[in-house]
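Peer 1: sharing a model prediction with you, sequence too.
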Amino acid sequence: MIKILFICHGNICRSPMAEYVMKDMVGKRGLSNCFYIDSAATSTEEIGNRVHHGTRAKLKEVGVYCGDHRAKKMKRADYEDYDYLIGMDTWNIRNMHQIAGKDPQKKIYRLLDFGSAPRDIADPWYTGNFDETYDDVVEGCEAFLDFAAEQGLI
């Protein structure tokens with residue numbers, strides 16, 4: 001089983017979007033039993049809060065179930081518990097390294113680093129553009145699944 005933790009600043013916009021998009025993708029491919037997927041924050045600002053209404057609206061628009069997710073913070077132990085800790089931007093990666101310590105097993109990645117055009121995923125909390133964020137998340141999740149297949153993980 002591949003264990004993935006998606007991570008962003010507050011765990012209310014990008015990382016839960018990635019969590020539920022990936023769950024939907026693996027479900028449609030009949031791979032749900034091959035994955036454990038969750039999400040977390042690098043900050044404590046939104047802990048306990050529900051997924052942002054913009055993310056919830058976008059996921060509803062595209063038919064992706066969003067559940068009753070509540071924001072939680074990444075813990076140092078997550079480094080050992082997950083195979084991939086996937087941040088949304090460079091700032092997340094810096095904070096993830098601070099929380100996890102060193103990355104000797106090379107588990108920490110940016111989501112769009114799996115694709116052909118590595119870059120940060122803009123935070124829709126600031127941009128207001130949940131459509132662009134969704135497109136980037138889909139691109140990154142598809143690229144991760146391609147990577148997993150190429151590596152013989154699935």
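Peer 2: Right, received. Where do you want to start? Residues are numbered from 1 along each chain as shown.
Peer 1: show me what contacts residue 90?
Peer 2: By C-beta atoms under 8 Å, 6 or more residues apart in numbering, residue 90 lies in contact with 110, 120. C-beta coordinates here come from the backbone N, C-alpha and C atoms, glycine included.
Peer 1: for stretch 52-70, buried residues please.
Peer 2: 52, 54-56, 58-59, 64, 66, 69 (16 or more other C-beta atoms under 10 Å).
Peer 1: out of the residues you listed, flag the one nearest to residue 30.
Peer 2: Checking the buried residues of stretch 52-70 against residue 30 by C-beta to C-beta gives residue 64 as the nearest, at 17.0 Å.
Peer 1: hmm, residue 19 and that closest one touching each other?
Peer 2: No. At 10.1 Å, residue 64 and residue 19 do not qualify as touching, with contact defined as C-beta atoms under 8 Å.
Peer 1: follow-up on the earlier one: now pLDDT too, for the buried residues of stretch 52-70, in CSV please.
Peer 2: Shown next, in CSV, are those (pLDDT from 0 to 100):
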residue, pLDDT
52, 97
54, 97
55, 97
56, 97
58, 98
59, 97
64, 97
66, 89
69, 94
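Peer 1: show me those residues that map onto strands.
Peer 2: When DSSP state E defines the strands, the subset of those inside them is empty.
Peer 1: any chance of a markdown table for the residues you listed, columns distance to residue 84?
Peer 2: Listed next are the buried residues of stretch 52-70 as a markdown table, based on distance: C-beta to C-beta, whole Å:
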| residue | distance to residue 84 |
| --- | --- |
| 52 | 23 |
| 54 | 26 |
| 55 | 21 |
| 56 | 25 |
| 58 | 23 |
| 59 | 21 |
| 64 | 20 |
| 66 | 21 |
| 69 | 19 |
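Peer 1: can you give me the helices for this protein?
Peer 2: 14-28, 53-61, 78-81, 90-100, 124-127, 130-150 (DSSP state H).
Peer 1: what about the fifth one, average pLDDT?
Peer 2: With pLDDT averaged residue by residue, helix 124-127 scores 94.
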